[in-house]
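1. can't give you the sequence, but here's the structure:
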Ligand SMILES: [Zn+2]
């Protein structure tokens with residue numbers, strides 16, 4: 001899930017200032033039973049993104065892990081799509097490691113597993129790109145001190161397994177939401193499903209230009225670098 005923002009016009013609801021101990025914590029308002037899980041998921045997602053960025057640094061040439069995994073989740077490699085994805089993964093890795101990135105539990109959140117503000121890079125209805133990852137980073141910078149880097153997690157997130165490949169899981173939920181916020185991905189429901197392996201395969205069939213901007217495809221792609229946790 002995502003709350004979308006028109007370019008340059010962030011949602012007013014994220015402007016609640018952080019204060020006191022709240023501003024010091026990475027994980028906020030979690031029940032004791034779920035705190036360990038979100039902490040484990042965060043560490044795994046962060047480590048996976050670091051490994052992914054390291055692999056990107058080694059090269060994205062044909063036959064590399066980045067190349068073969070791209071084909072699996074986005075279809076045939078197109079130069080612009082690969083560039084967007086590389087920028088997106090670097091931005092996600094930087095964001096998850098930043099002090100301003102915070103995760104909040106909301107027992108009343110019922111619109112899906114989680115949400116995070118997105119500065120969208122694609123107009124879903126018209127299928128147009130409207131921003132680069134670089135644009136998104138400059139808009140997001142203005143929100144850092146006003147709660148703009150909050151991720152909200154709802155109870156349903158914890159009904160998923162911690163780790164899964166090619167299915168939703170707690171770690172993938174973090175990666176999915178992070179891609180909205182750090183890279184401007186969308187939930188591309190234009191024409192059908194966008195979640196789960198069904199959504200991933202549907203967007204992949206539309207071509208990599210659309211698939212790389214669908215949050216679920218990016219989340220599933222990144223999971224290929226997250227070590228298995230049972
Ligand atoms: Zn989403």
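-> Received, thanks. As the structure is a computational prediction, the values presented were derived from the model and not from experiment. Numbering: from 1, shown residues only.
2. quick one: low-confidence ranges for the chain?
-> For the chain, residues meeting the criterion pLDDT under 70 lie at 3-24, 141-148.
3. what's the single longest strand in it?
-> Using DSSP state E to define each element, the chain has its longest strand at strand 114-119.
4. in its sheet, what does that one sit against?
-> When pairing is defined by DSSP bridges, strand 114-119 lines up against strand 3-5 (parallel), strand 150-153 (antiparallel).
5. could I get the full set of helices for the protein?
-> 20-24, 32-58, 65-74, 79-96, 133-141, 170-183, 196-206, 208-211, 215-223 (DSSP state H).
6. the nearest residue to residue 59 once chain neighbours are set aside: what's it in contact with?
-> Sequence neighbours aside, residue 66 is the residue nearest to residue 59 in space, at 7.7 Å (criterion: Cβ to Cβ, 6 or more residues apart in numbering). The C-beta positions use only the backbone N, C-alpha and C, and glycine is treated the same way. With Cβ atoms under 8 Å, 6 or more residues apart in numbering as the criterion, the residues that contact residue 66 are 52, 55, 56, 59, 60.
7. out of these, who's nearest residue 89?
-> Each of these was checked against residue 89 using Cβ to Cβ; the closest is residue 52, at 5.4 Å.
8. can you tell me how far the closest one is from the ion?
-> With distances defined as Cβ to the ion, to the nearest Å, the gap from residue 52 to the ion amounts to 19 Å.
9. enumerate every residue touching the closest residue to that residue other than its chain neighbours.
-> Leaving aside its sequence neighbours, residue 52 sits nearest to residue 225 (Cβ to Cβ, 6+ apart; 4.1 Å). Contacts for residue 225 were tallied using Cβ under 8 Å, 6+ apart; they are 48, 49, 51, 52, 55.
10. nothing else from me, thank you.
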